[in-house]
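S.K.: No sequence on hand, only this structure:
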């Protein structure tokens, strides 16, 4: 039996938790976000409420980063979601590095970093969704296996909006574009 | 040590695998997609390559659905990603139901369904990203717990683009907006 639960529950879950990095007044700031998306192979989206301290920096510099934390960093990740750059200097929580774009601060401690150029801003009323073209992706060497990123080693944090909880990634259990092949023969 | 791995690896993973439902020539079609996103509390995005059979139907009707399958449906889900509605009648793979919008087919067997109105189409070259406003969300009664969706029961399928594998959701391990509180006191 289907239960209608209303339009304002975004049940597209779980989503990977990331920290969005931006320079604000020349200093790195990191904001925790789970309203993210893949727009195409080299474009991502991050949705942020307008009062966030980082939004102005993203628009000023036209750059931002997407940093994927590991489950070991859950406290720092959550902390960056509950305190604002307006009150707290979050540049000290992590070690920052910069890439080619020079103004998109990235988190050394996060196993995966996407350095992005802002290409479009969608106004969603209370929030803004920033669409970014990935300029370069960086991965911790110890999370690589034969030139591929191993998410067993990344240990990303997943977010379920509905109950505001963080979840671990479970095990691989099937190959895409393969496991459904047998239904072609039936 | 950080390894630059190039811009065209979309490492924003894992993403929930969904099947996008659309009526094409008056018949339901389902396409498997993992390039999805949350734009705001009641807006989602789904990115689909232009040759997909469903794209014309989404634009013609201005509606689509997002169906979240359970791990038990991995074969059918993968199958809907490897065969095209051009060749195969995918309306027979699942039981279809319709909601208020009348033209957005949804999958009875999938534990979570989002019925969406198309509000914007972003042209990304080879693909199109459809942004939809959620009109109504439907959940299987046996996946609810005290009016909340229990993702332990939904058992969503997660996709890692990098290696094209399906993964299970692991266990909850922390509460959001809580676990980082202790860092405020240090």
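M.R.: Looks like it arrived, so ask away. Everything numeric here is computed off the predicted structure, so don't read it as measured data.

S.K.: need the next SSE after the lengthiest strand in chain A, C-terminal direction.
M.R.: Using DSSP state E to assign secondary structure, the strand with the most residues in chain A is strand A:127-140. Moving toward the C-terminus from strand A:127-140, the next helix or strand (DSSP states H and E) is strand A:144-145.

S.K.: Give me the contact list for that next one.
M.R.: Applying C-beta atoms under 8 Å, 6 or more residues apart in numbering or on different chains, the set of residues contacting strand A:144-145 from outside is A:150, A:153, B:3. Using the backbone N, CA and C atoms, a C-beta is placed for each residue, glycine as well.

S.K.: Quickly note the distance from the last one to residue A:138.
M.R.: Remark: distance between residue B:3 and residue A:138 (C-beta to C-beta, to the nearest Å) = 7 Å.

S.K.: again, but for the first one
M.R.: Between residue A:150 and residue A:138 the distance is 15 Å, computed by C-beta to C-beta.

S.K.: For residue A:166, list the residues it contacts.
M.R.: Going by C-beta under 8 Å, 6+ apart, residue A:166 touches A:17, A:71, A:74, A:78, A:157-159, B:172-176, B:179.

S.K.: Kindly report the same for residue A:41.
M.R.: Applying C-beta under 8 Å, 6+ apart to residue A:41 gives the contacts B:8, B:10.

S.K.: List the contacts of the spatially closest residue to residue A:38 that is not a sequence neighbour.
M.R.: Distance criterion C-beta to C-beta, 6 or more residues apart in numbering or on different chains; nearest residue to residue A:38, sequence neighbours excluded, is residue B:35 at 4.1 Å. Each residue near residue B:35 by C-beta under 8 Å, 6+ apart is listed here: A:37-40, B:10, B:15, B:46-48, B:127, B:129.

S.K.: Between those residues, identify the one with the most neighbours.
M.R.: residue B:46 (28 neighbours; other C-beta atoms under 10 Å in any protein chain shown).

S.K.: tell me which residues form a beta bridge with it?
M.R.: Note on residue B:46: beta-bridge partners residue B:36, residue B:130, judged by DSSP bridges.

S.K.: how close does it get to residue A:39?
M.R.: With C-beta to C-beta as the criterion, residue B:46 and residue A:39 are 10 Å apart.

S.K.: Same check on residue A:86?
M.R.: As judged by C-beta to C-beta, residue A:86 and residue A:39 stand 29 Å apart.

S.K.: what helix or strand is residue A:76 on?
M.R.: helix A:74-82.

S.K.: any idea of the mean pLDDT in that helix?
M.R.: Averaged across helix A:74-82, pLDDT comes to 97.

S.K.: who touches residue A:75 in this structure?
M.R.: Contacts for residue A:75 (C-beta under 8 Å, 6+ apart) come out as B:179-180, B:182-183.

S.K.: now do 6 Å
M.R.: Shown in contact with residue A:75 (C-beta atoms under 6 Å, 6 or more residues apart in numbering or on different chains): B:179-180, B:183.

S.K.: closest to residue A:97 among these?
M.R.: residue B:183 (21.6 Å; C-beta to C-beta).

S.K.: what about the residue of chain A found nearest chain B, distance to residue A:124?
M.R.: Using C-beta to the nearest C-beta, the single residue of chain A nearest to chain B is residue A:37, 1.4 Å away. Remark: distance between residue A:37 and residue A:124 (C-beta to C-beta) = 13 Å.

S.K.: Could you list the low-confidence segments of chain A?
M.R.: Under the criterion pLDDT under 70, the flagged ranges of chain A are A:186.

S.K.: Understood, closing this out.
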